[in-house]
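1. compute the structure for the input listed below.
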Amino acid sequence: MAVRTQAVERRVSAHVVQFYTHDSELVASAGSHLGAALRAGGVGVAIATRPHREAFEAYLARDGVELALARAEGRLVLLDANATLHACMRDGEIDGHAFHTVIGGLLREAQESGGAVHVYGEMVTLLWDAGEVPAAIELETLWNELAEELAFSLLCAYPAASATGEDHVQALHAVCALHSAVLGHPGEQELENDDQRSTSRLVASFQADAQAPGEARRLLIRTLRDSGCASSVVDTAALVLSELTTNAVRHARSSFTIDIAMHERSMRLAVRDARPPSADDDLIVLPTHGLSVIDALATRWGVECAPDGKVVWAELRI
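-> From the prediction side, this is the model:
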């Protein structure tokens with residue numbers, strides 16, 4: 001089952017969803033997400049089941065985080081997903097007021113630290129696995145509403161096995177559209193041959209500001225490292241993506257979407273912007289031009305017209 005992921009434009013906060021096959025993938029992603037905030041003097045919040053909370057603590061401890069101190073200072077907050085979900089419901093249904101009171105109050109207090117606030121949540125997963133798919137989508141929407149008011153970075157996660165079946169296709173479209181980036185592949189355990197089995201995809205959208213290329217590069221690096229890619233592959237891909245996204249901001253003066261597809265032996269990095277290709281586009285390879293880097297590193301690259309702009313892409317050999 002193939003589901004096309006649609007990324008929504010990033011506003012104040014990032015809202016990322018990961019589809020994972022093994023718990024080890026989830027622990028690496030969530031642990032890295034929480035640890036990044038803690039190391040920067042911010043707050044990490046995990047709303048998870050007990051086994052996952054314990055696994056995150058073990059990951060953070062191995063990563064050098066002083067757990068007791070972080071908890072005492074209120075910078076590491078670990079909450080039970082079932083109990084927190086129950087607190088956000090009334091009469092068996094998700095209640096928006098209760099959500100904003102419980103979760104909103106928690107994140108407002110976290111922001112008093114003055115640092116970054118990173119949240120991992122799996123209340124939506126509990127709803128989805130219980131067959132309450134509309135409620136899961138409603139909860140994802142409430143997170144986005146809260147992100148309009150407060151700045152935080154949220155990671156949600158669904159087991160890939162939960163996303164299988166044709167009856168879930170429309171719901172998956174809705175879930176992916178509510179996130180600023182999609183990691184992993186829904187239903188990937190159903191894929192049959194080696195090339196398909198090794199394929200993963202990352203889609204994310206960014207605003208047209210000077211920080212956006214760096215944010216896109218760091219997201220790619222974190223994703224590839226968590227996937228176990230060799231350092232040489234990570235470095236090359238990051239350099240190529242940096243050039244592609246910088247061109248989108250500097251020359252197209254446009255918000256942009258990255259679409260990275262990783263196969264067994266190759267990787268395709270594509271950046272879509274809102275400026276159609278034209279004769280005066282800065283897409284000529286010159287010795288001092290950023291595209292000369294892409295030309296040197298990529299096996300091939302090119303430009304395609306899109307209904308709302310263009311796509312500049314490059315393929316790398318792994």
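2. domain ranges for this protein, per the record?
-> Split into domains by automatic domain parsing, the chain comes to 1-190, 198-318.
3. which helices and strands does the longest helix seen in the chain pack with?
-> Across the chain, the longest stretch assigned as helix under DSSP state H is helix 231-250. When contacts are defined as 3 or more CB pairs under 8 Å, 6 or more residues apart in numbering; DSSP states H and E, helix 231-250 sits against helix 212-226, strand 256-262, strand 266-273, helix 290-297, strand 309-317. Bear in mind the C-beta positions are built from the backbone N, C-alpha and C, glycine included.
4. worst mean pLDDT among the domains of the chain?
-> Mean pLDDT is lowest for domain 198-318 out of the domains of the chain, coming in at a mean of 81.
5. ok, back up a step: could you dump the helices and strands packed on helix 231-250 to JSON lines with mean neighbour count and distance to residue 250?
-> Shown next, in JSON lines, are the helices and strands packed on helix 231-250 (neighbours: other CB atoms under 10 Å; distance: least, CB to CB, whole Å):
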{"stretch": "helix 212-226", "mean neighbour count": "19", "distance to residue 250": "9"}
{"stretch": "strand 256-262", "mean neighbour count": "22", "distance to residue 250": "11"}
{"stretch": "strand 266-273", "mean neighbour count": "22", "distance to residue 250": "11"}
{"stretch": "helix 290-297", "mean neighbour count": "17", "distance to residue 250": "9"}
{"stretch": "strand 309-317", "mean neighbour count": "19", "distance to residue 250": "13"}
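6. can you pull out the helices in the stretch 51-200 of the chain?
-> Remark: helices assigned in the stretch 51-200 of the chain by DSSP state H, counting those that start in this stretch are 67-72, 81-87, 96-111, 123-129, 133-149, 169-177, 194-197.
7. got TSV for the helices and strands packed on helix 231-250, with distance to residue 180 too?
-> What follows is the helices and strands packed on helix 231-250, written out as TSV (distance: least, CB to CB, whole Å):
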stretch	distance to residue 180
helix 212-226	10
strand 256-262	10
strand 266-273	15
helix 290-297	25
strand 309-317	19
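8. which one of these lies nearest to residue 99?
-> Closest to residue 99 of these is helix 212-226 (CB to CB; 26.8 Å).
9. tilt between that closest one and helix 231-250?
-> Counting by axes from the mean of the first three to the mean of the last three CA atoms, to 10 degrees, helix 212-226 lies at 160 degrees to helix 231-250.
10. which strands and helices lie in contact with helix 212-226?
-> On the basis of 3+ CB pairs under 8 Å, 6+ apart, helix 212-226 makes packing contacts with helix 23-39, strand 200-206, helix 231-250, strand 256-262.
11. what's the following helix or strand after the first one?
-> Along the chain past helix 23-39, the next helix or strand (assigned with DSSP states H and E) turns out to be strand 43-48.
12. how near is the closest residue to residue 110 other than its chain neighbours to residue 18?
-> Leaving aside its chain neighbours, residue 110 sits nearest to residue 43 (4.1 Å; criterion: CB to CB, 6 or more residues apart in numbering). Counting by CB to CB, to the nearest Å, the gap from residue 43 to residue 18 is 21 Å.
13. the two: which is more packed in?
-> Under the neighbour definition other CB atoms under 10 Å, residue 43 and residue 18 were set side by side, and residue 43 has more, 28 against 23.
14. beta partners of that one?
-> Beta-bridge partners for residue 43, by DSSP bridges, are residue 117.
15. ok, it - contacts?
-> Residue 43 is in contact with 37, 74, 75, 76, 77, 110, 111, 113, 115, 116, 117, 118, counting by CB atoms under 8 Å, 6 or more residues apart in numbering.
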